[in-house]
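Asker: quick one, what's the 3D model for this:
(one chain, ligands or ions: 1)
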Amino acid sequence: MALVDIQVPDIGDFDEVTVIELLVKPGDTVKAEQSLITVESDKASMEIPSSQAGVVKELKVKLGDKVKQGSVVLVLEAGSASAPAAAPVADLKAAVAIAAPAQAAIQSIAVPTAAASGPVEIRVPDIGDFKDVAVIEVLVKVGDSIKAEQSLVTVESDKASMEIPSSSAGVVKELRVKLGDKLNIGDLLVVLEGVASAPADAAPTAAAAVATAPAASPAGAAPERVAPAVAMPAHEPASSSGKLPHASPSVRKFARELGVPLAEVKGSGPKGRITLDDVQGFTKSVMAGDARTLAQAAKTPAASGGGAGLDLLPWPKVDFTKFGPVERKDMSRIKKISGANLHRNWVMIPHVCNHDDADITELENFRVLMNKENEKAGIKITMLAFLIKASVAALKKFPEFNASLDGDQLVLKQYYNVAFAADTPNGLVVPVIKDADKKGVVQISQEMGELAKKARDGKLSPADMQGACFTISSLGGIGGRYFTPIINAPEVAILGVCKSSTEPVWDGKAFQPRLMLPLSLSWDHRVIDGASAARFNAYLGQILGDFRRVLL
Ligand code: CAO
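Answerer: Take a look at the predicted model:
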């Protein structure tokens, strides 16, 4: 029996797409045309089917992998005699034809419409062989001001869902589609007025449209997508064994940004499809302390396996005006999102917090000296930068702190990205210093300054906040003694730091005035035990006491 590599066929200008679902596993018998994996870009998701029947011998991709044309998806033992012996890409192209129009659609929408005065009709572009694709989301409403390339509707066929963007900017005057409508090439979507001129040569290509569709791109009637947020672990796609929740790319993206586990959200759309409203509703109910939702949310692979659940009392409803005047204020977007994340982390992670003190007398003297010497260069070395470097040394010595839980497995990271909590007028955000092990204290100080500024200006990109291994929350510039920081899942520990103060410390002969820094380390007791945590803190204290120990 011939072994055949099944590759990703020509998927047009999509440079790389992410594998979000594995639909088969080794040993499975697949039919020709059966979908093997689902891939997703910012604007489209599509299933990649097999060009022939056979038995899956080996999967060559895993969830989260980036694939492009020619990437091998799996090795198939070709089945029946009638099946072709090899799978040339041309055949695969045919096999994936159902998915390819998603690309075609986005490409062709980019053809510029006539520029600019008077109303402009935006129509469905050439969507290849697709006929009667159903509108599953309308992303704008009358009166919305939209940008060129902003998505107008999401349509879906059996195998692909895609967003159709507008080729022009303007204000939506008429909306000519509704949920459930079946669309074909040339159908009118919206009429825009006040159209900004859209010169022909300015129309971006599909690739550009996809590449420039950031999380922060406005979504019209859809809820605003929040870029910066604290505790925003990218929610992992459903596991290979679980069924991928039925949701469009934008809804999946929105859920990921909020850290909402889509598998726990009940879809109210046709065929159980999860809508943006469903995701928002889920977040709201978690925020409101809905016991059932929280109990559901707690049933992740890491925490499942029975248990008592959270049989909580309902949140107390009080008419505060009976007791005195009140003012009501909406929570900021960041607070809403970080609140939901913090709540989940608090409920799901068995936190323990160790407190300790580090003697930073010499380190602070050195820092002050360095800052004096570098005054002219305008570089300010911060205590937090030293804490980041010291944490990296401790993470290297105690690798289970540089880890994440994935079901029954511990993922030990071999990179050292350290996040720091930054207080902003709108709430807490957590930017990340990437590869902190490869950077010096001066560079870390500089990067921290830049990221903290971006945070305050609300300009952090999702990438600025992703990929952290460990977080430091410093209240040192403000005050306090100790606190119990909440772990930023899926990390397993967080270091809280408070204000240093000069204290009498016994040196065996006399009390000496020493500058002591209070440390509070919260850790996940599923991964770390108390003795390791005490050792981690003690080691951290030793490093901060004498950085030469890093060299040992
Ligand atoms: N002990 C005593 N003083 C400290 C200190 C410490 N541990 N850490 C910093 N300081 C002092 C600095 O020396 C500096 O004083 P000067 O202005 O006299 O030089 C001042 O505090 C400000 O320090 P900094 O510029 O180095 O800033 P930072 O590194 O302390 O903080 C940042 C940067 C972004 C972390 C901070 O602005 C911030 O947002 N902190 C709040 C984080 C937070 O909210 N955590 C809680 C999360 S849990 O809800």
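
Asker: my guess is A358 contacts Y539, does it?
Answerer: No - contact criterion C-beta atoms under 8 Å: A358 and Y539 do not qualify, at 10.3 Å. Every C-beta, even on glycine, is put in place using the N, C-alpha and C of the backbone.

Asker: looking at these two, which one has more neighbours?
Answerer: A358 (23 against 16; other C-beta atoms under 10 Å).

Asker: export the helix or strand the more buried one falls within to PDB, keeping only CA atoms.
Answerer: Using DSSP states H and E, A358 sits in strand 351-359. What follows is strand 351-359 as a C-alpha-only set of coordinates in PDB (Å, rounded to 0.1, in the frame of the first residue of the first chain):
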ATOM      1  CA  HIS A 351      -3.200  29.600  45.000                       C
ATOM      2  CA  VAL A 352      -0.800  29.700  47.800                       C
ATOM      3  CA  CYS A 353       1.300  32.800  48.600                       C
ATOM      4  CA  ASN A 354       4.700  32.800  50.300                       C
ATOM      5  CA  HIS A 355       6.100  36.100  51.700                       C
ATOM      6  CA  ASP A 356       9.700  36.800  52.100                       C
ATOM      7  CA  ASP A 357      12.200  39.700  52.200                       C
ATOM      8  CA  ALA A 358      15.200  40.400  50.100                       C
ATOM      9  CA  ASP A 359      18.100  42.600  51.200                       C
END
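
Asker: same question for it, mean pLDDT?
Answerer: In this model, strand 351-359 has a mean pLDDT of 97.

Asker: now do the helices in the stretch 201-350 of the chain.
Answerer: Ranges of helices in the stretch 201-350 of the chain, per DSSP state H, counting those that start in this stretch, are 206-211, 249-258, 276-287, 291-298, 333-348.

Asker: least reliable of these by average pLDDT, please.
Answerer: Across the helices of the stretch 201-350 of the chain, helix 206-211 gives the lowest mean pLDDT, at a mean of 26.

Asker: show residues contacting stretch 364-383.
Answerer: Contact with stretch 364-383 is made by 360, 363, 386, 441-442, 445-446, 448-449, 474, 476, 500, 515, 517, as judged by C-beta atoms under 8 Å, 6 or more residues apart in numbering.

Asker: any chance of the residues you listed in JSON lines, plus neighbour count, secondary structure and distance to R549?
Answerer: Output for the contacts of stretch 364-383, formatted as JSON lines (neighbours: other C-beta atoms under 10 Å; DSSP: H, G, I helix; E, B strand; the rest coil; distance: C-beta to C-beta, whole Å):
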{"residue": "I360", "neighbour count": "22", "secondary structure": "coil", "distance to R549": "14"}
{"residue": "L363", "neighbour count": "22", "secondary structure": "helix", "distance to R549": "12"}
{"residue": "F386", "neighbour count": "22", "secondary structure": "helix", "distance to R549": "13"}
{"residue": "V441", "neighbour count": "19", "secondary structure": "helix", "distance to R549": "15"}
{"residue": "V442", "neighbour count": "15", "secondary structure": "helix", "distance to R549": "20"}
{"residue": "S445", "neighbour count": "25", "secondary structure": "helix", "distance to R549": "21"}
{"residue": "Q446", "neighbour count": "18", "secondary structure": "helix", "distance to R549": "25"}
{"residue": "M448", "neighbour count": "20", "secondary structure": "helix", "distance to R549": "23"}
{"residue": "G449", "neighbour count": "14", "secondary structure": "helix", "distance to R549": "27"}
{"residue": "S474", "neighbour count": "21", "secondary structure": "strand", "distance to R549": "22"}
{"residue": "G476", "neighbour count": "18", "secondary structure": "coil", "distance to R549": "22"}
{"residue": "S500", "neighbour count": "20", "secondary structure": "coil", "distance to R549": "19"}
{"residue": "L515", "neighbour count": "17", "secondary structure": "strand", "distance to R549": "18"}
{"residue": "L517", "neighbour count": "26", "secondary structure": "strand", "distance to R549": "16"}
